[in-house]
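J.: this is a predicted model, with the sequence first.
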Amino acid sequence: MRLHRCEGCLAACGREGRAAPLPVLTRNKLLKRARHSPYSPPMSNQNSNMAEPAPPTPPDNNTPPMPWFGMDIGGTLTKLVYFEPRETNRRELDKETEVLKNIRRYLTRNSAYGKTGRRDVHLQMDNVTIRGRRGTLHFIRFPTSEVGAFLQLARSKGMADLVKTIYATGGGAYKFEEDFIKEVNMRLSKMDELDALIAGVLFSDSMNSHECYYWAPPDEQPVHQSSTDSPPYSEAALSMYVRKPFDFSSPYPFLLVNIGSGVSMLVVNAPDDYYRVSGTSLGGGTFLGLCCLLTGCSSFEEAISLAASGDNTTVDKLVRDIYGGDYARFGLPGDLVASSFGHMCSAERRAKVSREDLARATLVTITNNIGSIARLCACNEDIERVVFCGNFLRVNPLSMKLLSYAMSYWSRGALKALFLEHEGYFGAVGCLLNLDMKRQKKQNAARNSCEPDQER
Ligand SMILES: Nc1ncnc2c1ncn2[C@@H]1O[C@H](COP(=O)(O)OP(=O)(O)O)[C@@H](O)[C@H]1O
Ligand SMILES: CC(C)(COP(=O)(O)O)[C@@H](O)C(=O)NCCC(=O)O
């Protein structure tokens with residue numbers, strides 16, 4: 001019998017076959033490729049939520065002046081990461097202005113800024129070391145549509161007088177570059193968003209022992225083994241999933257799926273060896289946009305809470321609605337969605353459907369489509385670990401559990417869906433790490449060209 005690894009193989013291999021591991025040869029090939037993260041986690045970091053003090057690293061005398069920010073201006077949300085140094089050195093104490101102190105106080109003592117800015121206090125990362133400085137990372141977000149209000153705030157807090165350059169990534173770093181110059185005379189030092197994303201993921205995982213996790217039932221057994229079990233997308237099945245830590249210290253290769261407004265999928269072989277393998281325009285922006293249209297909701301949080309109490313089977317046409325049961329020959333269970341929104345061509349059904357059901361069906365449609373593309377990419381590239389990130393997963397355990405189920409079920413247990421605590425902030429973190437690297441590289445190059453040749 002030929003071995004397939006597509007949906008159809010469930011029919012060829014039978015239901016029992018789906019949990020079988022990948023062929024040994026493929027596994028060995030994958031293991032050979034595994035390499036270690038370049039950021040070694042602090043040894044004492046194993047049991048705490050956030051990092052314990054890292055071993056002292058020599059201070060970098062070429063660091064740019066405080067305050068340090070990394071900014072990711074995305075299609076929907078702008079993410080700002082602020083580094084608060086633990087101790088201020090002599091040079092800085094002398095130089096520290098009232099403005100700098102006020103900025104620090106304003107950012108660290110509030111969790112809401114203006115009408116729409118929010119600090120994700122639960123994500124705060126203590127005891128991180130960046131460029132030889134120990135401190136705390138603060139995570140702030142606001143809608144990208146409010147960039148104008150952010151610039152006004154920056155001006156009113158005196159930030160614009162102090163900060164001459166902002167390290168920024170995301171499409172908005174290009175789109176709003178002129179506005180930053182015109183409004184507050186700040187230059188944007190731009191970094192590619194996918195470079196920043198990967199650097200941010202690896203750094204965050206090295207600093208936070210709880211960064212990477214997965215969802216599975218406590219006994220790790222599949223939740224849907226026979227047609228009498230509850231459907232995989234039902235509350236009964238999904239409530240069996242619990243969050244479990246995952247050791248991501250040997251991560252390579254992995255598929256990184258960033259679910260922002262749209263979706264990018266990257267094959268990552270090493271910190272600076274990756275390529276964008278695929279993407280889809282049906283992402284977090286699509287979910288929110290369609291939900292607003294279909295349910296009249298006005299925020300992501302509302303859309304998620306509607307979806308949490310809805311039932312997609314009143315909206316989606318299932319295999320059993322078409323076959324009266326399973327389509328056994330090709331292994332398609334009766335409760336599988338055959339046609340997303342397929343019931344909505346009936347006027348009678350449309351009249352009865354609830355906002356909750358529509359939100360749930362939208363969430364299931366978008367999530368399953370992303371899961372399906374990710375699975376195909378992972379199979380094509382011989383990759384077992386699929387890491388999902390991006391703010392679509394914010395306050396959204398439903399999608400994470402659906403992705404976990406889909407990855408495992410359709411790959412017969414060969415693929416693992418992984419998730420990251422700092423969801424949508426990695427681009428901004430990566431940008432912060434890159435802080436002033438360009439200036440430093442230039443200085444080093446200049447110094448090297450002046451120094452006598454060491455070999456002589
Ligand atoms: N408070 C929020 N406002 C708007 N969208 C949100 C919010 N929280 C989560 N989201 C979801 O996150 C997506 C944006 O994710 P993000 O990773 O920030 O991408 P981008 O960089 O494109 O802005 C939105 O399309 C939406 O699905
Ligand atoms: C263009 C983008 C990289 C922008 O990133 P985002 O702001 O959505 O995080 C992303 O939306 C994307 O990859 N879109 C999918 C395009 C496609 O492959 O069809």
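T.: Good, I have the coordinates. Numbers count the residues shown, from 1 in each chain. Ligands and ions are numbered 1, 2, ... in the order given.

J.: and the residue of the stretch 1-150 of the chain at minimum distance from ligand 2, how many neighbours?
T.: Nearest residue of the stretch 1-150 of the chain to ligand 2: G75, at 3.4 Å (Cβ to the nearest ligand atom). All C-beta atoms are positioned from the backbone trio N, CA, C, and that covers glycine. By other Cβ atoms under 10 Å, the residues close to G75 number 15.

J.: repeat that for D247.
T.: For D247, using other Cβ under 10 Å, the count is 11.

J.: residues in contact with the residue of the stretch 1-150 of the chain closest to ligand 2?
T.: Residues near G75 by Cβ atoms under 8 Å, 6 or more residues apart in numbering: T144, G170, G171, G172, G260, S261, G262, G285.

J.: of those residues, which are in range of ligand 2?
T.: Among the contacts of G75, proximity to ligand 2 is found for G170, G171, G260, S261, G262 (Cβ under 6 Å from any ligand atom).

J.: so where is this protein shaky, pLDDT-wise?
T.: Residues of the chain that meet the criterion pLDDT under 70 lie in 1-62, 89-96, 227, 436-445, 447-456.

J.: return the residues of it in contact with ligand 2.
T.: Neighbours of ligand 2 within the chain, by Cβ under 6 Å from any ligand atom: G74, G75, G170, G171, G260, S261, G262, V263, S264, G279, T280, S281.

J.: where does the stretch 101-250 of the chain get nearest to ligand 2, which residue?
T.: G171 (5.5 Å).

J.: list the contacts for whichever residue of the stretch 301-450 of the chain sits closest to ligand 2?
T.: Residue nearest to ligand 2 within the stretch 301-450 of the chain (Cβ to the nearest ligand atom): G390, separated by 6.6 Å. Counting by Cβ under 8 Å, 6+ apart, G390 makes contact with V257, N258, I259, G260, V263, G283, G284, E423, G424.

J.: helices - which of the residues you listed land there?
T.: G284 (DSSP state H).

J.: not counting its neighbours along the chain, what's nearest E87?
T.: Once flanking residues are discounted, E87 sits nearest to R134: 7.5 Å by Cβ to Cβ, 6 or more residues apart in numbering.

J.: and the gap between that neighbour and V263?
T.: As for R134, its distance to V263 is 36 Å (criterion: Cβ to Cβ, to the nearest Å).

J.: against ligand 1, how distant is the residue of the stretch 1-150 of the chain closest to ligand 2?
T.: 3 Å (Cβ to the nearest ligand atom, to the nearest Å).

J.: count the residues that sit near the residue in the stretch 101-250 of the chain that ligand 1 sits nearest to.
T.: Here the stretch 101-250 of the chain gets closest to ligand 1 at one residue, G170, 5.6 Å apart by Cβ to the nearest ligand atom. A count of neighbours around G170, defined by other Cβ under 10 Å, yields 27.

J.: ok, it touching Y425?
T.: No. Between G170 and Y425 there is no contact under Cβ atoms under 8 Å: 11.8 Å.

J.: the residues of the chain next to ligand 2: which two are farthest apart?
T.: Farthest-apart pair in the residues of the chain next to ligand 2 is G170 and T280; separation 18.3 Å (Cβ to Cβ).

J.: need the residues of the chain near ligand 1, please.
T.: Within the chain, the positions near ligand 1 by Cβ under 6 Å from any ligand atom are 74-77, 170, 260-261, 284-285, 287-288, 300, 390-392, 394, 424.

J.: can you select the buried ones from those in ChimeraX?
T.: Only the buried entries of the residues of the chain next to ligand 1 go into this ChimeraX selection, using 16 or more other Cβ atoms under 10 Å:
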select :74,76,77,170,260,261,284,285,287,288,300,390,391,392,394,424
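
J.: who touches stretch 287-307?
T.: With Cβ under 8 Å, 6+ apart as the criterion, stretch 287-307 contacts 76, 355-356, 358-360, 362-363, 366, 392, 394-396, 398.

J.: in JSON lines: those residues, plus secondary structure.
T.: As requested, the contacts of stretch 287-307 are exported to JSON lines (DSSP: H, G, I helix; E, B strand; the rest coil):
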{"residue": "T76", "secondary structure": "coil"}
{"residue": "R355", "secondary structure": "helix"}
{"residue": "E356", "secondary structure": "helix"}
{"residue": "L358", "secondary structure": "helix"}
{"residue": "A359", "secondary structure": "helix"}
{"residue": "R360", "secondary structure": "helix"}
{"residue": "T362", "secondary structure": "helix"}
{"residue": "L363", "secondary structure": "helix"}
{"residue": "I366", "secondary structure": "helix"}
{"residue": "F392", "secondary structure": "helix"}
{"residue": "R394", "secondary structure": "coil"}
{"residue": "V395", "secondary structure": "coil"}
{"residue": "N396", "secondary structure": "coil"}
{"residue": "L398", "secondary structure": "helix"}
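
J.: what's the closest of those residues to E348?
T.: For the contacts of stretch 287-307, the nearest to E348 is L358 (15.7 Å; Cβ to Cβ).

J.: angles on the backbone of the residue of the stretch 1-150 of the chain closest to ligand 2, please.
T.: For G75, the backbone dihedrals (degrees, to the nearest 10) come out as phi -60, psi -30.

J.: so who does the closest residue to ligand 1 within the stretch 1-150 of the chain touch?
T.: Nearest residue of the stretch 1-150 of the chain to ligand 1 (Cβ to the nearest ligand atom) works out as G74 at 1.8 Å. Residues counted as contacts of G74 (Cβ under 8 Å, 6+ apart) are T144, G170, G171, G172, G260, S261, N391, G424, G427.

J.: quick one: the fourth one and T76 touch, right?
T.: No. Judged on Cβ under 8 Å, G172 makes no contact with T76 at a distance of 10.2 Å.

J.: re the thing from before, out of the contacts of G390, which are inside strands?
T.: V257, N258, I259, V263 (DSSP state E).

J.: and the one helix or strand G279 maps to, what's buried?
T.: Assigning secondary structure by DSSP states H and E places G279 in strand 273-280. Across strand 273-280, burial judged by 16+ other Cβ under 10 Å covers Y274, V277, S278, G279, T280.

J.: each with direction, which strands does that strand pair with?
T.: strand 263-270 (antiparallel) (DSSP bridges).

J.: ok, back up a step: and the residue of the stretch 101-250 of the chain closest to ligand 2, how many neighbours?
T.: For G171, the neighbour count with other Cβ under 10 Å is 15.

J.: also S249?
T.: Neighbours of S249 under the rule other Cβ under 10 Å: 15.

J.: quick one: it from Y274, how far?
T.: Note on S249: its distance to Y274, by Cβ to Cβ, is 18 Å.

J.: for S354, same thing?
T.: Counting by Cβ to Cβ - S354 and Y274 are separated by 43 Å.

J.: now swap in N127 and tell me
T.: 28 Å.

J.: give the buried residues for the helix or strand where the residue nearest to E87 lies.
T.: Following DSSP H and E, one finds R134 within strand 133-143. Within strand 133-143, the residues that count as buried by 16+ other Cβ under 10 Å are R133, R134, G135, T136, L137, H138, F139, I140, R141, F142.

J.: any chance of these in a markdown table, plus distance to D195?
T.: A markdown table is the format used below for those (distance: Cβ to Cβ, whole Å):
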| residue | distance to D195 |
| --- | --- |
| R133 | 22 |
| R134 | 25 |
| G135 | 23 |
| T136 | 25 |
| L137 | 19 |
| H138 | 23 |
| F139 | 20 |
| I140 | 22 |
| R141 | 21 |
| F142 | 23 |
